[in-house]
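# missing the sequence, but the structure's below:
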């Protein structure tokens, strides 16, 4: 038994619906590994239970696994707004969201969150960033502008397969985007933050000042 297998055996099981979505994502999409999966999905649900947000913003829906995991943790009346810029994902993702047990808590929007999220005129309690790594810093500033004081940001992929410390990727634009973001928030006095070495790196950020 591997350590990863041990961890999953001692973590809350993922709902059957999410397991079937994870399977379908890996079978029918090119980048199936981008789906959050069992461990991260359970962590996202747990964090939502702990933070108890009224409104959640997600940037980067992909197949909907992370959105559904967070929606599962939402209390009655909570709402999740998830943006996917790649309209080619809509035919796969929308049925999985709309047929899920948590469909009434989710608004799935095709388009650029950088442009569209501020127009919702909503103050968010929690945001999950999992979009284009090249624009992470810009995305972060947009989220900060609509995040309430004391609110949280979860930024995914912040270790980027270890590329952030591998000089072979110094000229890779996505790696550069992650490095720029990580360096920026490490010196941003408006927040406190911690990187969790979970999967591809998940940074928990709390807004403490405007």
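Structure's in. What do you need? Please read these numbers as outputs of a predicted model, since none were measured by experiment.
# Spit out the contact partners of the residue nearest to the spatial centre of the chain.
By Cα atoms, centre = their mean, the chain has its centre lying nearest to residue 128, at 3.7 Å. Counting by Cβ atoms under 8 Å, 6 or more residues apart in numbering, residue 128 makes contact with 44, 56-60, 66, 70, 153-154, 156. In this view, the C-beta of every residue, glycine as well, is placed from N, C-alpha and C.
# Please name the bridge partners of it.
Counting by DSSP bridges, residue 128 forms beta bridges with residue 58, residue 154.
# got a pLDDT number for it?
Looking at residue 128, its pLDDT reads 98.
# Could you measure from it over to residue 58?
5 Å (Cβ to Cβ, to the nearest Å).
# Could you check how far the residue nearest to the centre of the chain is from residue 162?
22 Å.
# And residue 57, by the same measure?
28 Å.
# Which one's more surrounded, the two?
residue 57 (26 against 10; other Cβ atoms under 10 Å).
# Next, the buried residues of the host helix or strand of residue 18.
Using DSSP states H and E, the element containing residue 18 is helix 16-28. The neighbour-count criterion (16 or more other Cβ atoms under 10 Å) identifies 18, 21-22, 25 as the buried residues of helix 16-28.
# Same question for stretch 164-184.
164, 169, 172, 174-179, 181-182.
# ok, now stretch 89-105?
Under 16+ other Cβ under 10 Å, the buried positions of stretch 89-105 are 89, 92-93, 96-97, 100, 102, 105.
# Report the mean confidence score over it.
On average, stretch 89-105 scores 97.
# All set now, cheers.
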